[in-house]
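*Asks:* Next input, structure requested:
(3 chains)
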Amino acid sequence: MRHRLFDSAVLASVKRKGKQLALVARDGRALLVRLGMTGQLLLVDSIDPTIKHVHASWAVRASGRLRFLLFRDPRRFGSLIPCCDCDAIDSHWDTLGPDALSVTAAQLAGAAKHRRVPLKVFLLDQSAVSGLGNIYVDESLFLARLHPRACARSLADSEWKNLVTCFQKTLKKSIRMGGSTLRDYRTPDGVLGRFQHMHHVYGRSGELCTVCKAVVEREVVGGRTTSFCPMCQNGSTNVGK
DNA sequence: CGTGGCCCCTGTGGGC
DNA sequence: TGCCCACAGGGGCCAC
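*Replies:* Numbering: from 1, shown residues only, chains lettered A, B, ... in the order given. Just a heads-up that it's a prediction; the model follows:
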C-alpha cells in the first residue's frame, strides 16, 4: 500500500543524540529517525522505482532544486517516530545517556559506580552514554587496552579518562572517513564509508593484532559478537570484579 | 540487578 | 543450481 500525505513543512534544523536523529520543522513538529542496522536516509535527484525497501519518501526543495529524501531499510529494524513538539523529542531522549562526543569521564565513572556488568555491555546500553555501537565499542576498547569483559565498576578514573579519549578519537576519525561500510551503510549521497579499512579488531577475528601480532579473538559478550586482542586487552585482573 | 534467549526482518555467503 | 545454516552496524522484552 502506497500512502500519499500532502502535508508539508519547512525543515528548520536537524538534531541528534546518540544514534537518533530529529528532523525539526519550523512549526515545532519533528520526525525522530532511528536507522537500526540497515536503515538509510538518502538524498536523491529522482525516484528510482527499482530500489527496494523504501518505506517513506519526501519531496525536498532547497534553493530552487527539487530532490527526494528516502528512508530505506531492508531489515526494518529502524523506525520513524512523529513528534508534535520538542518536548516529545526530549521525552524520547531522556532515557539516553549523554552523547558520546560530549560525555565526560566523571559522568561515566558515576554511572558505572555500582554496575557489575561487563564494560562492553555498559557502553552498548545507551543509558550511560549514547552513540556507541558494536563496531565502535570494540575498536575503542582495543585502543584503550581494556578487556570487553572487565567489570564496569572496576575502572579507575584514569582508565575512564583514557577510554573517553579513545572513543571520541575513534568516532571523529570514522566520521571524517565517512563511516564503516560493512554492507549497507552509505552517506546520504550514496558514498561508501572508508573507516572499515582502519578497523583494528572488529571483523578481524582469527587475523593478527595490528600491534602485537597475537591472534584476534572472537567471543559473544552481552549477546553481541565481540573481537579483541587477548594480549593488548589483557584486563584479566578486572574481569568479573 | 544481571544474564541469556528469544523476537522483530532481509540478504548474503559458505558448505554440501 | 538449489537448499540449509549461520550471521549481520540495533534494540525490546521476558523468564530465571
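
*Asks:* Which elements pack onto the longest helix seen in chain A?
*Replies:* Secondary structure of chain A per DSSP state H: the longest helix is helix A:157-176. Packing contacts for helix A:157-176, counted by 3 or more C-beta pairs under 8 Å, 6 or more residues apart in numbering; DSSP states H and E, involve helix A:105-112, helix A:134-143. Any C-beta I mention is one placed from the backbone N, CA and C, and that applies to glycine too.

*Asks:* Of the ones you listed, which stretch is the most buried?
*Replies:* For the helices and strands packed on helix A:157-176, the largest average neighbour count (mean count of other C-beta atoms under 10 Å) is found in helix A:134-143, namely a mean of 24.

*Asks:* Could you check how far stretch A:114-128 is from the centre of its chain?
*Replies:* 15 Å (C-alpha atoms, centre = their mean, to the nearest Å).

*Asks:* what residues does it touch?
*Replies:* A:18-19, A:95-97, A:107-108, A:111-112, A:129, A:132-134, A:137-138, A:140-141, A:146-153, A:155, A:167, A:221-222, A:224, A:226 (C-beta atoms under 8 Å, 6 or more residues apart in numbering).

*Asks:* now the residue of chain A found nearest DNA strand B, nearest residue through space, not along the chain?
*Replies:* With C-beta to the nearest atom of the strand, the shortest gap between chain A and DNA strand B falls at residue A:75, namely 3.4 Å. In space, and not counting its chain neighbours, residue A:75 is closest to residue A:38: 4.5 Å by C-beta to C-beta, 6 or more residues apart in numbering.

*Asks:* that older thread, and the helices and strands packed on helix A:157-176: which comes nearest residue A:71?
*Replies:* helix A:134-143 (22.1 Å; C-beta to C-beta).

*Asks:* and that closest one, anywhere near DNA strand B?
*Replies:* No. Against DNA strand B, helix A:134-143 shows no contacts by C-beta under 7 Å from any atom of the strand, the least distance being 13.4 Å.

*Asks:* show me where pLDDT drops low in chain A?
*Replies:* Within chain A, the stretches with pLDDT under 70 are A:1-6, A:235-241.

*Asks:* who in it is up against DNA strand B?
*Replies:* Counting by C-beta under 7 Å from any atom of the strand, chain A sits next to DNA strand B at A:52-53, A:74-77, A:114-118, A:121, A:183, A:222-223.

*Asks:* which of these has the most neighbours?
*Replies:* Top of the residues of chain A next to DNA strand B by neighbour number is residue A:118, holding 20 neighbours under the definition other C-beta atoms under 10 Å.

*Asks:* how many neighbours does residue A:13 have?
*Replies:* Residue A:13: 10 surrounding residues under other C-beta under 10 Å.

*Asks:* Also the one 3 residues further on?
*Replies:* Residue A:16 is surrounded by 14 other residues when neighbours are defined as other C-beta under 10 Å.

*Asks:* Now for it: which residues touch it?
*Replies:* Counting by C-beta under 8 Å, 6+ apart, residue A:16 has contacts A:22, A:99.

*Asks:* SS state for it?
*Replies:* Assigned with DSSP: H, G, I helix; E, B strand; the rest coil, residue A:16 falls in the strand class.

*Asks:* Enumerate every residue touching residue A:202.
*Replies:* A:134-135, A:138-139, A:180, A:227.

*Asks:* which residues of chain A fall in strands?
*Replies:* Secondary structure of chain A, counting by DSSP state E: strands at A:11-17, A:20-25, A:30-34, A:40-44, A:54-62, A:65-72, A:79-83, A:217-221, A:224-228.

*Asks:* which two in the residues of chain A next to DNA strand B are spaced the farthest apart?
*Replies:* Comparing all pairs in those by C-beta to C-beta, the longest separation belongs to A:52 and A:114, at 46.7 Å.
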